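Asker: Sharing a sequence plus its predicted fold:
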Amino acid sequence: MDQLFSNKLIKEPRKADNIEFRALEITDFEKGFSELLQQLTEAKFEKSKFLERFIQMKNQPDTYYIIVAEDITTNRICATGCLFVEKKFIRSCGTCAHIEDIVVDSRYRGKNLGLKVIEHLKHIGNTLGCYKLILDCDEKNVKFYEKCGFERKGVQLSCYNTTIIPKAKL
Ligand SMILES: CC(=O)SCCNC(=O)CCNC(=O)[C@H](O)C(C)(C)COP(=O)(O)OP(=O)(O)OC[C@H]1O[C@@H](n2cnc3c(N)ncnc32)[C@H](O)[C@@H]1OP(=O)(O)O
């Protein structure tokens, strides 16, 4: 099975309550990966685009760690999250990681699935020796991330290229 990275990096237990945590696989397009991401933001893409991006990510090893939670009773993806690894010169040529694109299917929220996704990503980050994990989020999600062990630090600023993403879609 073609997967983005080795499942050996994912902490045990990988399976509980009919939910399996694993690396993103090339067949996950058919299992509702795009539909799930659309619950976070604009994320409509064709299968060919998914495959192209999957291969690009896989060809950049040690960088993209996208995990999914699959409901093994329905074979649908019900949660996902990404750990993006950034190599730096500071902190003794350290490595930091960014947590991105966390989403739990609305039918599965409030069951600690989001918390588990973050725990799995934190485990990967720690195993890879990242000196910190950082993320940006809306104010309404701050409490969730605090429950996951994150603390408020700094302020988020952004500068969108409005020729690519029009202001109306921000
Ligand atoms: C870096 C980024 O990607 S930011 C984008 C975050 N994603 C989104 O906004 C997409 C839409 N939202 C979601 O997918 C989900 O609501 C998530 C990911 C934010 C939370 O996932 P869930 O599975 O519902 O959260 P989970 O059940 O694991 O909650 C863990 C704890 O946080 C609490 N919590 C979860 N969301 C919130 C919230 N918005 N406000 C306050 N507390 C919250 C829960 O009550 C629970 O606390 P408890 O253990 O004391 O009961």
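Answerer: Sure, I can see it. Everything numeric here is computed off the predicted structure, so don't read it as measured data.

Asker: Relative to the ligand, which residue of this protein is the closest?
Answerer: For the chain and the ligand, the shortest gap (Cβ to the nearest ligand atom) falls at Gly114, measuring 2.4 Å. Glycine gets a C-beta too; all of them are placed from N, C-alpha and C.

Asker: list the contacts for that residue?
Answerer: If a contact means Cβ atoms under 8 Å, 6 or more residues apart in numbering, then Gly114 has 79, 102, 104, 144, 148 as its contacts.

Asker: Give me the PyMOL select line for those residues, limited to the buried ones.
Answerer: To isolate the buried ones among these in PyMOL, judged by 16 or more other Cβ atoms under 10 Å, type:
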select buried, resi 79+102+104+148
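
Asker: What residues sit buried inside the biggest helix by length in the chain?
Answerer: For the chain, the helix that runs over the most residues, judged by DSSP state H, is helix 113-127. Within helix 113-127, the residues that count as buried by 16+ other Cβ under 10 Å are 113-114, 116-118, 120-122, 124-125.

Asker: can you check stretch 47-67 too?
Answerer: 50, 54, 57-58, 64-67.

Asker: Now intersect those residues with the strands, please.
Answerer: 64-67 (DSSP state E).

Asker: could I get these as a markdown table with pLDDT?
Answerer: Listed next are these as a markdown table, based on pLDDT from 0 to 100:
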| residue | pLDDT |
| --- | --- |
| Tyr64 | 98 |
| Tyr65 | 98 |
| Ile66 | 98 |
| Ile67 | 98 |
